[in-house]
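sequence and predicted structure are below.
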There are 2 protein chains.
Amino acid sequence: MAELVYQQIITDLKEKIFAGKFPDMRLPDERTLAEKYNVSRSSIKRALSRMANDGIIFKKRGSGTFINPLYLKNESVFNYEQGSNLGVTDNFQMDGKKPSTKVLSFDVVLPSKELQRDLFLTPEDFVYKIIRLRSFDETPFMIETGYIPIKIMPQLTRENIENSIFNYLQEQYNQSVTKSFLSIFAEPSTKQDQELLQLGKNEPTGIMEGIFFLDNGTPFEFSHMRLHYKYLKFNTFVSI
Amino acid sequence: MAELVYQQIITDLKEKIFAGKFPDMRLPDERTLAEKYNVSRSSIKRALSRMANDGIIFKKRGSGTFINPLYLKNESVFNYEQGSNLGVTDNFQMDGKKPSTKVLSFDVVLPSKELQRDLFLTPEDFVYKIIRLRSFDETPFMIETGYIPIKIMPQLTRENIENSIFNYLQEQYNQSVTKSFLSIFAEPSTKQDQELLQLGKNEPTGIMEGIFFLDNGTPFEFSHMRLHYKYLKFNTFVSI
DNA sequence: TTCATTAATTGGTGCGTTCCAATAAAAAAA
DNA sequence: TTTTTTTATTGGAACGCACCAATTAATGAA
């Protein structure tokens, strides 16, 4: 595999952290680590930076590098945070329950002003409008409305969108979606929400909407996702 | 001020991006930038990495560095994302409306099992339990329940918590809170929510809860925040 | 003992170099 | 023309060095 050096170090440090090899909740200093691993301090710094970014450790100049106690006790949450949040159904694995998708509608329309802005379109650029209902084992949990410029995927068919669009994008165009700008909020459920998501009248709808980007920065899709409130729990590590 | 080199470059590039100096939505390559700014490629890389992390640009190896079109059209959202999300009232500036805080209760209690885990306490470590109602110009928008170990702030008084605890922490102990692990979700509003936040029966409560850390990684506070749903909009840039 | 000063520790910044891997453009072959 | 191969471009990884800045520990003065 020829693993990257800093990646190896991250993996090894994570293991050691979990094995309790640092009982004082503190990592050796960077220079010592460089010696121990027989790598340059730069590589250590890169590894530690990534880990700090993921919230696994805290670095404090002049003082040292410390382990986030939460990471020790709560690995699952961190794993969730790292690998997920994007694509939702594609990444969700709900206790082995089978995800399924039902296409509610599939049209080609002209973009609204807002959509033109978000996806960088001219008023004449047609977009697919795709509404899908997603379920786990017959339990619907999300209504997803997606808008994709047809110029990006001219050949999209109804069959394609019954599975993962991201997978189709990967296979057909060898491109992937790795970034998105999301807003998370909630609203009272509408009648349609209540019917499709099996919600009570005073139960809310969780909303996650935003723009998904291709690797080169091209806005690929605007997505508006209405979730059963019990299925929307967004975990994030915030630094300021 | 003796600004940092990479920080200067970030500032300058941002300006140029907004001034439309890169009409092809593409930055010069790293080596050229290094020449232009008369700095090393390493410094350019550092600057670009930060910007990519903030979602301002996209880097693609072999291809180049591209401007996030959303950043151009929507700076406000990005600024919100960068400087906020933490501390809420401390950073919120709601159209010049004055924020205020009302202390609903202030007790010292023993921590629950869950709290012991989250804040790394023994069953005998007492914690402050602080419930506050926060408003903008007489309009309440958040009920905040916070738990802080007394061993971290032995001298906390009711007066202190009527303003910002984070400010008090800064002034008294010269420590700051720059990281947090948060969960965002929603629930139907309780009777108490409806009363305090002036919510209708079928209007939901937005919930933001999690742990705030000191710079050295010490868990400082567990906070459970119940917001009027219209005030909870969490923007985030996600990479996988 | 207490407080101020000094020294050692530790992560941050910046420069420079070498090589690699993914992509895109150009050239060659079919 | 179309496809394949080669070449150039571009960001990524890794190494190493020198110095800076915040913190902590050790030392000395009051």
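Perfect, I can see it now.

wait, does stretch A:202-222 contact DNA strand D?
No - using CB under 7 Å from any atom of the strand, stretch A:202-222 stays clear of DNA strand D, with a minimum separation of 10.4 Å. Every residue, glycine included, has its C-beta placed from N, CA and C.

list the buried residues in that stretch.
Judged by neighbour count (16 or more other CB atoms under 10 Å in any protein chain shown), stretch A:202-222 contains these buried residues: A:203-215, A:217-222.

cool, stretch A:177-184 as well?
If you call a residue buried by 16+ other CB under 10 Å, then stretch A:177-184 has these buried ones: A:177, A:179-184.

what bridges to residue A:223?
Taking DSSP bridges, one finds residue A:146, residue A:210 as the beta-bridge partners of residue A:223.

could you export the buried residues of stretch A:177-184 to a markdown table, including columns for pLDDT and distance to DNA strand C?
Supplementary listing: the buried residues of stretch A:177-184 in a markdown table, determined by pLDDT from 0 to 100; distance: CB to the nearest atom of the strand, whole Å:
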| residue | pLDDT | distance to DNA strand C |
| --- | --- | --- |
| A:177 | 85 | 13 |
| A:179 | 87 | 14 |
| A:180 | 88 | 18 |
| A:181 | 86 | 21 |
| A:182 | 85 | 24 |
| A:183 | 86 | 29 |
| A:184 | 88 | 29 |
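
can you check the pLDDT for the residue of chain A positioned farthest from its centre?
Farthest-out residue of chain A from its mean C-alpha position, per CA atoms, centre = their mean: residue A:35, at 35.9 Å. Among the per-residue scores, residue A:35 shows a pLDDT of 96.

need the three-state assignment for it.
Per DSSP: H, G, I helix; E, B strand; the rest coil, the local secondary structure of residue A:35 is helix.

for residue A:199, same thing?
In terms of secondary structure, residue A:199 is coil; the call rests on three-state DSSP.

tell me the phi and psi of it?
phi -110, psi 150 (degrees, to the nearest 10).

state the distance from the closest residue to it other than its chain neighbours to residue B:217.
Ranked by CB to CB, 6 or more residues apart in numbering or on different chains and with sequence neighbours excluded, the top spatial neighbour of residue A:199 is residue A:189, at 4.8 Å. When CB to CB, to the nearest Å is the yardstick, residue A:189 and residue B:217 sit 40 Å from each other.

swap in residue A:146?
Plainly put, residue A:146 is 40 Å away from residue B:217 if you go by CB to CB.

buried ones in stretch A:32-47, by neighbour count?
Taking 16+ other CB under 10 Å as the neighbour-count basis, stretch A:32-47 is seen to contain the buried residues A:33-34, A:37, A:39, A:43-44, A:46-47.

confidence score at the residue of chain A found nearest DNA strand D?
Distances from chain A to DNA strand D, computed as CB to the nearest atom of the strand, single out residue A:62 as the nearest residue at 2.3 Å. On the pLDDT scale, residue A:62 is placed at 93.

that one: what's it in contact with?
The contact partners of residue A:62, taken as CB atoms under 8 Å, 6 or more residues apart in numbering or on different chains, number zero.

can you report how many residues lie near residue A:154?
A total of 7 residues lie near residue A:154 under the criterion other CB atoms under 10 Å in any protein chain shown.

would you map the strands across chain A?
Across chain A, reading from the start of the chain, the strands by DSSP state E fall at A:26-27, A:57-60, A:64-67, A:99-109, A:127-136, A:139-149, A:177-188, A:204-214, A:219-228, A:234-239.

now do the same end-to-end measure for stretch A:131-151.
Terminal residues of stretch A:131-151 lie 19 Å apart, using CA to CA, to the nearest Å.

check which residues of it are buried.
Applying a neighbour-count criterion of 16+ other CB under 10 Å, one finds A:131-136, A:140-149 buried in stretch A:131-151.

how far off centre is that stretch?
In terms of CA atoms, centre = their mean, to the nearest Å, the centre of stretch A:131-151 is found 16 Å from the chain centre.

just to revisit the earlier point, take the strands of chain A and lay them out in a markdown table including distance to residue A:159.
Formatted as a markdown table, the entries for these read as follows, by distance: least, CB to CB, whole Å:
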| stretch | distance to residue A:159 |
| --- | --- |
| strand A:26-27 | 51 |
| strand A:57-60 | 46 |
| strand A:64-67 | 49 |
| strand A:99-109 | 9 |
| strand A:127-136 | 13 |
| strand A:139-149 | 15 |
| strand A:177-188 | 20 |
| strand A:204-214 | 21 |
| strand A:219-228 | 18 |
| strand A:234-239 | 31 |
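
among those strands, which is nearest residue B:170?
Nearest to residue B:170 among these is strand A:57-60 (15.6 Å), distances taken as CB to CB.

residues in contact with stretch A:195-203?
Where contact means CB under 8 Å, 6+ apart, the residues beyond stretch A:195-203 that reach it are A:133, A:139-143, A:188-189, A:193-194, A:205, A:226-229, B:188-189, B:201-202, B:204.

same check on stretch A:149-159?
With contacts defined as CB under 8 Å, 6+ apart, stretch A:149-159 is touched by A:103, A:106, A:108, A:119, A:121, A:125-128, A:148, A:165, A:168-169, A:172-173, A:218, A:220.

around DNA strand D, which positions in chain A sit nearby?
In this structure, chain A approaches DNA strand D at residues A:4-7, A:39-43, A:46, A:60-63, judged by CB under 7 Å from any atom of the strand.

again, only using 10 Å
A:2-10, A:30-31, A:34-35, A:37-47, A:50, A:60-64 (CB under 10 Å from any atom of the strand).

how far away is the residue farthest from the centre of chain A from residue A:44?
Computed with CB to CB, the distance linking residue A:35 and residue A:44 is 10 Å.

point out where chain A drops to low pLDDT.
A:1-2, A:73-97, A:171 (pLDDT under 70).

tell me the contacts of residue A:142?
With contact taken as CB under 8 Å, 6+ apart, residue A:142 is in contact with A:88-89, A:133-134, A:197, A:225-228, A:231.
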